[in-house]
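Novice: Sequence plus predicted model, see below.
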Amino acid sequence: MDEQLHSASRRLIELRMEHADLDAMIDRLIEEPLVDELALQRLKKRRLALRDMMARLEAANEPDEPA
């Protein structure tokens, strides 16, 4: 059980780091004079998917009822 919790926590950290990286990439891309709209849409879609994965992992790690 502890190993599963540890790996889920680690995965959540990895997802948060990737999400932050995508935020930075999107911010840089938006500032460019010629924005590749397709690339921007793909990055935003990936960022949203990461947000959904993080929410599922967080919900799975929370206890069902308060102690």
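Specialist: Great, that's in hand.
Novice: Could you check how far the residue nearest the centre of the chain is from residue 34?
Specialist: Per Cα atoms, centre = their mean, the C-alpha nearest to the average position across the chain is that of residue 50, at 3.3 Å. Computed with Cβ to Cβ, to the nearest Å, the distance linking residue 50 and residue 34 is 26 Å. C-beta: built from backbone N, CA, C; applies to glycine.
Novice: Could I get the average pLDDT for the top helix by length along the chain?
Specialist: Looking across the chain with DSSP state H, the single longest helix is helix 2-31. Within the predicted structure, the mean pLDDT of helix 2-31 is 89.
Novice: who does it touch, helix- and strand-wise?
Specialist: Identification of packing neighbours for helix 2-31 by 3 or more Cβ pairs under 8 Å, 6 or more residues apart in numbering; DSSP states H and E yields helix 37-61.
Novice: To what extent is residue 32 buried, counted in neighbours?
Specialist: Applying other Cβ atoms under 10 Å, we find 9 other residues in the vicinity of residue 32.
Novice: Roughly how far does the closest residue to residue 9 other than its chain neighbours sit from residue 20?
Specialist: With Cβ to Cβ, 6 or more residues apart in numbering as the criterion, residue 9 has its nearest non-adjacent residue at 7.1 Å, and that residue is residue 61. Remark: distance between residue 61 and residue 20 (Cβ to Cβ) = 20 Å.
Novice: Work out for me the element residue 33 sits within.
Specialist: Assessed by DSSP states H and E, residue 33 sits outside every helix and strand.
Novice: distance of it from residue 23?
Specialist: Noted for residue 33: a distance of 21 Å to residue 23, by Cβ to Cβ.
Novice: the more surrounded of these two?
Specialist: Summary of the neighbour comparison: residue 33 and residue 23, criterion other Cβ under 10 Å, with residue 23 having more neighbours (12 against 4).
Novice: Pull the contacting residues for that one.
Specialist: Residue 23 makes contact with residue 47, according to Cβ atoms under 8 Å, 6 or more residues apart in numbering.
Novice: for the one 10 residues further on, same thing?
Specialist: With contacts defined as Cβ under 8 Å, 6+ apart, residue 33 is in contact with no residue.
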